[in-house]
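**Student:** build me a structure from this.
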Amino acid sequence: MLELDLSAEIQALRHTFGDISEVVDVSRLRDDIARLSEEAGAPDLWDDTENAQKVTSALSHRQSELARITGIAQRLDDLEVLVGLANEMGDEDSAQEARAELAALTDLINQLEVQTLLDGEYDERSAIITIRSGAGGDDATDFAEMLMRMYLRWAERHKYPVKVMDTSYAEGAGIKSATFEIDAPYAFGTISVEAGTHRLARISPFGSADKRRQTSFAAVEVIPLMEEATEVDIPESDIRVDVFRSSGPGGQSVNTTDSAVRLTHLPTGIVVSMQNEKSQIQNRAAAMRVLQTRLLLLQKEQEAAKKKELAGNITASWGDQMRSYFLYGQQLVKDLRTGQESGNPAAVFDGDLDDFISAGIRWRKRKIED
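**Tutor:** Just a heads-up that it's a prediction; the model follows:
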């Protein structure tokens, strides 16, 4: 007779889920949704397009978060019913379904638990990711494009909206750089642990006759999306504005007008390019917002570094290399900070990043507490 006993596992999940629900504060979440729903229903909402987009985006994010919480609660209840039916009917198929659902819920609740560790100043915000190729020639620009696809596939797996803001294609393979936005609750807090230098080691596919191992690098930068960075005032004299024609791979023209914009902040050398929007005015506004955000974060980093210097404790948060990808011999992806590994690089490059991200968030939290 079939005896499926998952009561201890389910009880442990319920306990963890209860702790998470308290941190998330479901009642506050419902209050926020009610308030935002009222604002979204105002007849004059779209008189101010920018504010309307903020309201509807915030409402959508909170509704998604509440749906995830209530969905998990319902699935826990359904799992107990399924276990009962499997035992009552002696049905092995139902038992296998219950075990699979238990594993799926364990993964979901673990991911949700990690989110409760995201309590930084900007963690709740959406994220802007910039990838730049480093040393390594064509292998590096190809690697940069591989990383871009990896993060886009990760976002797609989670059904997070993505907006590519700028792409600079290499003359050979891949990209010199790319900037894109992931619009989701806690996107910055989540994906910011991916910031740093990534290293790829493989047999180069680009005309190397001796088929020796080639090493290439790419840098990943992650900043939060700021609706307004009003704390940073940038004098016009500090900015150089270049206007150019948007282009695709191989220099193929996309627009017939010079609508793309490049802003260079002269005192710091920070450069921001935007070409996703249709008009030059829109691209300039988007670029300015990103520039203000980068300057705001730079200012905070400098302040934090000064405090550490005064305290006599200067340590880098991130090393020059944070993750290595080995695509020759033993196939391996290894995070050098957390020790997290995967023997399936193809899956990682296809967006299977959750284990690496969760380990990174837990590692960062320990570093902060230490």
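**Student:** which helix or strand contains the residue nearest to Glu277 when sequence neighbours are not counted?
**Tutor:** For Glu277, ignoring the flanking residues on the chain, the nearest one in space by CB to CB, 6 or more residues apart in numbering is Asn283 at 4.7 Å. C-beta coordinates here come from the backbone N, C-alpha and C atoms, glycine included. Taking DSSP states H and E as the criterion, Asn283 maps to helix 280-311.
**Student:** starting at the chain centroid, how far to that helix?
**Tutor:** Centroid displacement of helix 280-311 relative to its chain, using CA atoms, centre = their mean, to the nearest Å, is 19 Å.
**Student:** can you tell me the strand partners of the next helix or strand after that helix and which way each runs?
**Tutor:** Per DSSP H and E, the first helix or strand lying C-terminal to helix 280-311 is strand 323-326. Strands that pair with strand 323-326, judged by DSSP bridges, come out as strand 196-203 (parallel), strand 332-335 (antiparallel).
**Student:** what's the least confident stretch among the ones you listed?
**Tutor:** Lowest mean pLDDT within the strands paired with strand 323-326: strand 196-203, at a mean of 92.
**Student:** list the helices and strands the very next helix or strand once past that one packs on?
**Tutor:** On the C-terminal side of strand 196-203, the closest following helix or strand by DSSP H and E is strand 213-224. In terms of contacts (3 or more CB pairs under 8 Å, 6 or more residues apart in numbering; DSSP states H and E), strand 213-224 is packed against strand 127-133, helix 137-157, helix 187-191, strand 196-203, helix 280-311.
**Student:** Lys334 contacts Arg323, doesn't it?
**Tutor:** Yes. With contact defined as CB atoms under 8 Å, Lys334 reaches Arg323; the gap is 6.9 Å.
**Student:** of the helices and strands packed on strand 213-224, which is nearest Ala359?
**Tutor:** Ala359 lies closest to helix 187-191 among these, at 12.4 Å (CB to CB).
**Student:** average pLDDT for that closest one?
**Tutor:** Helix 187-191 carries an average pLDDT of 92.
**Student:** sticking with Val348, tell me its helix or strand.
**Tutor:** Going by DSSP H and E, Val348 is in helix 345-349.
**Student:** report the buried residues of that helix.
**Tutor:** By neighbour count on 16 or more other CB atoms under 10 Å, the buried set for helix 345-349 is 345, 348-349.
**Student:** just send those back as TSV, with pLDDT and distance to Ala42 too.
**Tutor:** Converted to TSV, these look like this (pLDDT from 0 to 100; distance: CB to CB, whole Å):
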residue	pLDDT	distance to Ala42
Pro345	96	50
Val348	97	45
Phe349	97	45
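**Student:** what is the nearest of those to Leu266?
**Tutor:** Phe349 (37.8 Å).
**Student:** show me what contacts the closest one?
**Tutor:** The contact partners of Phe349, taken as CB atoms under 8 Å, 6 or more residues apart in numbering, are 146, 149-150, 153, 325.
**Student:** derive a PyMOL selection command for the buried subset of these.
**Tutor:** Burial among those is assessed by 16+ other CB under 10 Å; the matching PyMOL selection reads:
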select buried, resi 146+150+153+325
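**Student:** just flag the most distant two among the contacts of Phe349.
**Tutor:** Within those, two members stand farthest from each other by CB to CB: Arg153 and Tyr325, at 14.9 Å.
**Student:** gap between Arg132 and Gln331?
**Tutor:** Distance, Arg132 to Gln331, using CB to CB, to the nearest Å: 26 Å.
**Student:** so which of these two has more stuff around it?
**Tutor:** Of the pair Arg132 and Gln331, Arg132 is the one with more neighbours under other CB atoms under 10 Å, namely 19 against 15.
**Student:** quick one: least confident helix or strand in this protein?
**Tutor:** Every helix and strand in the chain was compared by mean pLDDT, DSSP states H and E; the lowest is helix 280-311, with a mean of 74.
**Student:** that one - contacts with which helices or strands?
**Tutor:** If you count contacts as 3+ CB pairs under 8 Å, 6+ apart, helix 280-311 packs onto strand 213-224, strand 239-244, strand 260-265, strand 270-274.
**Student:** what about 10 Å?
**Tutor:** Counting contacts by 3 or more CB pairs under 10 Å, 6 or more residues apart in numbering; DSSP states H and E, helix 280-311 packs against strand 127-133, strand 162-169, strand 175-182, strand 213-224, strand 239-244, strand 260-265, strand 270-274.
**Student:** partner strands of the first one, with direction?
**Tutor:** It refers to strand 127-133. Strand 127-133 has the following strand partners under DSSP bridges: strand 175-182 (antiparallel), strand 213-224 (antiparallel).
**Student:** buried residues in the last one?
**Tutor:** Residues 214, 216-224 are the ones in strand 213-224 that count as buried (16+ other CB under 10 Å).
**Student:** which ones are touching Lys365?
**Tutor:** Shown in contact with Lys365 (CB atoms under 10 Å, 6 or more residues apart in numbering): 114, 117-120.
**Student:** do Glu341 as well
**Tutor:** Glu341 sits next to 332-335, 355-356, 359 when contact means CB under 10 Å, 6+ apart.
**Student:** if you set the cut-off to 7 Å instead, what comes out?
**Tutor:** When contacts are counted by CB atoms under 7 Å, 6 or more residues apart in numbering, Glu341 touches 332-334.
**Student:** who's it bridged to?
**Tutor:** Taking DSSP bridges, one finds Lys334 as the beta-bridge partners of Glu341.
**Student:** let me know the pLDDT of it.
**Tutor:** At Glu341, pLDDT is 96.
**Student:** how far away is Leu6 from Leu82?
**Tutor:** 9 Å.
**Student:** show me which of these two is the more surrounded one.
**Tutor:** Leu82 (21 against 18).
**Student:** looking at it, the more buried one is touching Ala98, isn't it?
**Tutor:** Yes. Counting by CB atoms under 7 Å, Leu82 touches Ala98, with 4.7 Å between them.
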